[in-house]
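Chemist: mind looking at a prediction? Sequence and model below.
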Amino acid sequence: MRLSLRSSPPRLFVFGLGYVGRALAGRLAAQGWRIAGSARDAAEAARVAALGFLPARLDDDDALAAAMAEAEAILVAAPPTPAGCPGLAAIGRTDQVRLIGFEAMQREAILVGVNGDGGQA
C-alpha cells in the first residue's frame, strides 16, 4: 500500500517533535521529505527550526492550517492533555484537512496517535 503523494518533495506535519516525532521526521527528511512541526512557544519554534523543520505555532491557527494543508501526512505524536488531543483539536479548527479512515487508501492525511493515555484513563 502506498500513499499517493501530491507534491514533490512530499511533506509531513508532526504534532509533537519528541522522541518518536523526531525519529520519524528525521528518517523521512533523509529521504527528501519536507517536515513541518508544531511548537508551543517561540523557544520551541526555534528548536524545531534548528532541526531543519518548519515550525508552526500552536497559538497561530492560520499558520497551523497552512502547514497542515500542505502535508500529505500528519503525525500526532504529542501526548494528550486534560483538554484532549492537541493534534485533533487543531485539525478540528480548520477546514483545510480531511480525515479519512485507514481503510480508505486514497486519503489526504494519515493520523497516527502514539503515547499513553496521558492520565486520561
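Modeler: Good, I have the coordinates. Residues are numbered from 1 along each chain as shown.
Chemist: and E44, what pLDDT?
Modeler: E44 is assigned a pLDDT of 94 by the prediction.
Chemist: wait, what's in contact with the residue nearest to D61 when sequence neighbours are not counted?
Modeler: Counting by Cβ to Cβ, 6 or more residues apart in numbering, R93 is the residue found nearest to D61 once chain neighbours are left out, at 5.5 Å. All C-beta spots, glycine's among them, are computed from the backbone N, C-alpha and C. By Cβ atoms under 8 Å, 6 or more residues apart in numbering, the contact set of R93 is D61, L64, A65.
Chemist: which helix runs longest in this protein?
Modeler: Using DSSP state H to assign secondary structure, the helix with the most residues in the chain is helix 19-30.
Chemist: which stretches of this protein form helices?
Modeler: Using DSSP H, the helices assigned to the chain run over residues 19-30, 42-50, 61-69, 86-92.
Chemist: for the first one, which outside residues touch it?
Modeler: Contact with helix 19-30 is made by 10, 12, 14-15, 17, 33, 35, 37, 51-53, 75, 77-78, 114-115, as judged by Cβ under 8 Å, 6+ apart.
Chemist: many thanks, have a good one.
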